[in-house]
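# build me a model from this:
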Amino acid sequence: MIRKAVEEDLMEILEIEKELYDSPWSYESFLHELNNDVTKFFIYEEDIIKGYLIYWEIYNDSKMLNELEVVNIAVKKDCQSKGIGRRLLNYMIENSLKPFVCFLDVRIDNLPAIHLYKSLGFEVIGKRKNFYGLNKDAYTMRLNCEVEYDKV
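Below you'll find the model as predicted:
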């Protein structure tokens, strides 16, 4: 089940973050996003939290376009490759005001994530040197969604 994250979820989310990343976000960083007006923060849960998605949603009046930016997505190691990341991203796509453009950054060596994003329609639009630290480059990817989106 996908639902909005609440403060009581943060310790469990922090454990996932520490399991996956060399430089995990702090409790305070998650709390800040939870209380940020432009942030959407969702978890995927089946008795325990198995993944989460944090993105910013900003309406651009001048372009009449909703702009999304995925700032953090993670799935517990033992739950990866089971469609949880796809479900979270589909939830974002289905529930965002159309039309929109969505951006995200991904390590260039994270091939499973890149494959997932491409399967959802994201395209590589650039490369950021040392984005995740020394010799840890990132691709910037974009999804344009002008009409209602069909689930894959």
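
# tell me, how many residues neighbour the closest residue to Cys145 other than its chain neighbours?
Excluding the flanking residues, the one nearest Cys145 by Cβ to Cβ, 6 or more residues apart in numbering is Phe100, at 5.2 Å. From N, CA and C alone the C-beta is placed, and that goes for glycine too. If you count neighbours by other Cβ atoms under 10 Å, Phe100 ends up with 21.

# again, but for Glu45
Here the number of neighbours of Glu45 (other Cβ under 10 Å) works out to 16.

# what sits against it?
Applying Cβ atoms under 8 Å, 6 or more residues apart in numbering to Glu45 gives the contacts 1-3.

# helix/strand/coil for it?
Judged by DSSP: H, G, I helix; E, B strand; the rest coil, the three-state class of Glu45 is strand.

# heads up, I number from 41, so please use that
Will do, 41 is the new start, and the previous item becomes Glu85.

# partner residues bridging it?
Note on Glu85: beta-bridge partners Ile89, judged by DSSP bridges.

# measure it to Thr180 for me?
Going from Glu85 to Thr180 by Cβ to Cβ, to the nearest Å gives 30 Å.

# perfect, that will be all.
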